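Asker: any chance you could fold what I've pasted below:
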Amino acid sequence: MDKTPKAGAPLWWHRLLNRRLQFGLDIGVLTGVFFLSYLLRFDFQIPEANLVRAAAQLPLVVSVQFAGLLYSGVYSFVWRYVGVAETGTFVRAALLSFLPLMLMRLGLPDKLYLWRVPVSILVLATVLGFVGVLGLRVFRRVVYEHLDKDWGDRQGTRTPVLLVGAGEAGVLAAKEIRRRASSGIEPIGFVDDDRYKQGLVIQGIRVLGDTQDLPQLVEKHGIEQVVIAIAATTRRNIRRIVEICERIPVRVKIIPGLYEILEGSVSVTSIRDVQIEDLLGREQVRLDEGEVRRFLAEKAVVVTGAGGSIGSELARQVARFHPERLILLERAEFALFEIDRELRRLHPELELVPTVADVGDRSRMRAVLSSYRPDVILHAAAHKHVPLMESQPAEAIKNNVLATSLLGEIAGELGVGAFVLVSTDKAVRPASVMGASKRVAELVVQELGRRFATRYVAVRFGNVMGSAGSVVPIFREQIARGGPVTITHPEMTRYFMTVSEASQLVLQAGAMGNGGEIFILNMGEPVRILDMACDMVLLSGLKPFEDIELVFTGLRPGEKLFEELQLTGEAVSQTSHPKILVARISPYPETVLESALRRLEAYAAQGREKDIRLLLSELLPESSLVLPPLQQAGMESMVALGAD
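Answerer: Modelled structure (predicted):
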């Protein structure tokens, strides 16, 4: 029984049915039903001898039945939540009590006739008794919901809403909303585009029409909010519903996807405003969980950059598959503290090893990896901010290239099973130092795969929505300040993916890789940044270019109008997973890459930024890095890569 007082409901009601009273009520019901069974058996005229027999049998029968209730777990249920799903437990309790009493009836000798309960009495007492105790809980739930609803109604008016979607998520939402007056919502009806559901009544709520009927239904019923409650749908469908609501106009909200509800990460009543992620998001990622589990379960796993957007989500996803040990590598102390605390709360059984370390520190990395002997390394640590790295190329080389080479080489020497590099679409025809550094990191892991038995793979994808420094939180902040929203170019497009989707697919790619592959995540269609900004302004209840100014600032250093996920001519093929492609790219000659790495290390140590740019352009002829004028003019007469 839940004894926690609920805000807004009468306190006496929560104190009424405590555990002792539950026991007393159940024993009272079972006792009354047992005598009722005798009354029914003898047509309400019990002979005196049988009355004595019934009085003797009563303690035995009720004790066994009560023990059945205890053993089956009936008392672990919160009464106000008891429903159809809990019926099986009451049936199990009934069988647990019936069987021993029946064995006693058949096995006891005649001289112990007082304890041999007649079969008809046993059947009646079992059926009626357990129906009675279940009915007691259902009655309590009905009374509670009635009182709760009345109490909620007295506290203020409830907002009339239409629920879009009469499927599983909509039904769950309607059930929970109607049960909880504190939600402040009154569902007036369902709206669903399935013509076979029109006119049906679900959870006491009628399906009033389809989405095209929204304008008339909103006006007719005085609707103040439309709530999208669809378990899984496309961004195009959500956008269509949002646009209909904007034209009415009526406020539109959304309930998270059904999979989030079932996983327990959100509740059914977590109704929130529609966000840009809902318009850009795609169908739920479906992992080959067996393959990923074989990759991670009972393994020692290292996640580098574990405090960052991608690294922390990788850690969360890895934890789901029960690794033997999860080593969190991060040089930002507070970020590491936060993800460690979160995972300890969610997975108290998991052995976590938070490790403050710089992946570019050779002695520290060798000590950590030698100590824990990981089976899998997920390398997410990187500098990723394009304009910052454009002005500090030495740091991009140190972190993105040299640290990857260092970590990958130690992994190979120690016999790590798999090394997964998190790469980026900016590595394709790079126009920035950051993109070029990630492309060289891809070349590095390919080369390491030729030297060691470790399976080295890279996973390439585009922008992650909501990650630190990405455009979505920047736009949100600018809108909250009242603008202006700054956009570099009206035609700029980018690929977008949620951090959860990206991280799950990284694990899937890592599990399926044989070594040497560059996996490319299917990012769907590119999104125009201007359209995204306009959508975010509209979702904030404002109008772009009227309430919020949109300003075009021009491309920043290293930025491209649009990104690519593969080079023209790359041999790309589909994998067994519909959202993962694989590219097999010819590696560079070993001597060329080794020479380039030595020179990059020397240039980074000496802060020779111009030479870094020149060498990257030389190593990656497909790149379009901006070079200083003198170097650009001298490109024709450059010496070979092997010379300095």
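
Asker: list the buried residues of the host helix or strand of D611.
Answerer: When elements are defined using DSSP states H and E, D611 is found to belong to helix 609-619. Within helix 609-619, the residues that count as buried by 16 or more other CB atoms under 10 Å are 609, 611-619. C-beta: built from backbone N, CA, C; applies to glycine.

Asker: please apply the same query to stretch 513-531.
Answerer: Of the residues in stretch 513-531, those buried under the neighbour-count criterion (16+ other CB under 10 Å) are 513, 515-524, 526-530.

Asker: farthest-apart pair in those residues, please.
Answerer: Spatially, the most separated pair among the buried residues of stretch 513-531 is G515 and L530, at 41.4 Å (CB to CB).

Asker: check the gap between S309 and P354 for me.
Answerer: Separation of S309 from P354 (CB to CB, to the nearest Å) stands at 18 Å.

Asker: just the terminal-to-terminal distance for stretch 381-400.
Answerer: The first and final residues of stretch 381-400 sit 8 Å from each other (CA to CA, to the nearest Å).

Asker: and the contacts of that stretch?
Answerer: Under the contact criterion CB atoms under 8 Å, 6 or more residues apart in numbering, stretch 381-400 has outside partners 304-305, 308, 311, 329-331, 359-360, 403, 422, 424, 426, 432-435, 437-438, 440-441, 469, 556-559, 600-601, 603-604, 607-609, 612-613, 616.

Asker: one step back: list the helices and strands the helix holding D611 packs on?
Answerer: Contact partners of helix 609-619 among helices and strands, from 3 or more CB pairs under 8 Å, 6 or more residues apart in numbering; DSSP states H and E: helix 393-396, helix 433-451, helix 590-606, helix 629-633.

Asker: repeat that with 6 Å
Answerer: Under the contact criterion of 3 or more CB pairs under 6 Å, 6 or more residues apart in numbering; DSSP states H and E, helix 609-619 touches helix 590-606.

Asker: which other helices and strands does the helix it packs on contact?
Answerer: Counting contacts by 3+ CB pairs under 6 Å, 6+ apart, helix 590-606 is packed against helix 609-619.

Asker: quick one: mean pLDDT for the helix it packs on?
Answerer: Over the span of helix 609-619, the pLDDT mean works out to 93.

Asker: that one vs helix 433-451, what angle?
Answerer: Between helix 609-619 and helix 433-451, the angle comes out at 60 degrees (axes from the mean of the first three to the mean of the last three CA atoms, to 10 degrees).

Asker: distance from helix 609-619 to the middle of the chain?
Answerer: In terms of CA atoms, centre = their mean, to the nearest Å, the centre of helix 609-619 is found 41 Å from the chain centre.

Asker: stretch 333-341 too?
Answerer: 20 Å.

Asker: ok, and for that stretch, which residues are buried?
Answerer: By neighbour count, and taking 16+ other CB under 10 Å as the criterion, the buried residues in stretch 333-341 are 335-336, 339-340.

Asker: list phi and psi for E517.
Answerer: phi -80, psi 150 (degrees, to the nearest 10).

Asker: roughly how far apart are it and T486?
Answerer: To T486, E517 is 38 Å away according to CB to CB.

Asker: with I223 instead?
Answerer: For I223, the distance to T486 - CB to CB - is 36 Å.

Asker: could you do S309 as well?
Answerer: The span separating S309 from T486 equals 21 Å under the rule CB to CB.

Asker: so which of the two has more stuff around it?
Answerer: When S309 and T486 are compared for neighbours, S309 comes out ahead with 21 against 15, by other CB atoms under 10 Å.

Asker: tell me the pLDDT at the closest residue in space to G449 that isn't next to it in sequence?
Answerer: With sequence-adjacent residues excluded and distances taken as CB to CB, 6 or more residues apart in numbering, G449 is closest to Y456, at 4.1 Å. Predicted confidence (pLDDT) for Y456: 95.

Asker: for Y456, which three-state class applies?
Answerer: Using DSSP: H, G, I helix; E, B strand; the rest coil as the criterion, the local structure at Y456 reads strand.

Asker: thinking it is in contact with Q446, fair?
Answerer: No - at 7.0 Å, Y456 and Q446 do not qualify as touching, with contact defined as CB atoms under 6 Å.

Asker: quick one, which of these two is more surrounded?
Answerer: The neighbour count for Y456 versus Q446, taken as other CB under 10 Å, is higher for Y456 (28 against 23).

Asker: would you reformat the buried residues of helix 609-619 as a markdown table and include distance to R320?
Answerer: Below are these laid out as a markdown table (distance: CB to CB, whole Å):
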| residue | distance to R320 |
| --- | --- |
| E609 | 42 |
| D611 | 45 |
| I612 | 40 |
| R613 | 42 |
| L614 | 45 |
| L615 | 42 |
| L616 | 38 |
| S617 | 43 |
| E618 | 44 |
| L619 | 39 |
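
Asker: between these, which is nearest R366?
Answerer: Within the buried residues of helix 609-619, distances to R366 taken as CB to CB reach their minimum at I612, with 26.3 Å.

Asker: mean confidence for stretch 205-224?
Answerer: Taken as a whole, stretch 205-224 carries a mean pLDDT of 88.

Asker: show me what counts as buried in it.
Answerer: 205, 207-211, 213-214, 217-218, 223-224.

Asker: neighbours around V127, how many?
Answerer: A count of neighbours around V127, defined by other CB under 10 Å, yields 14.
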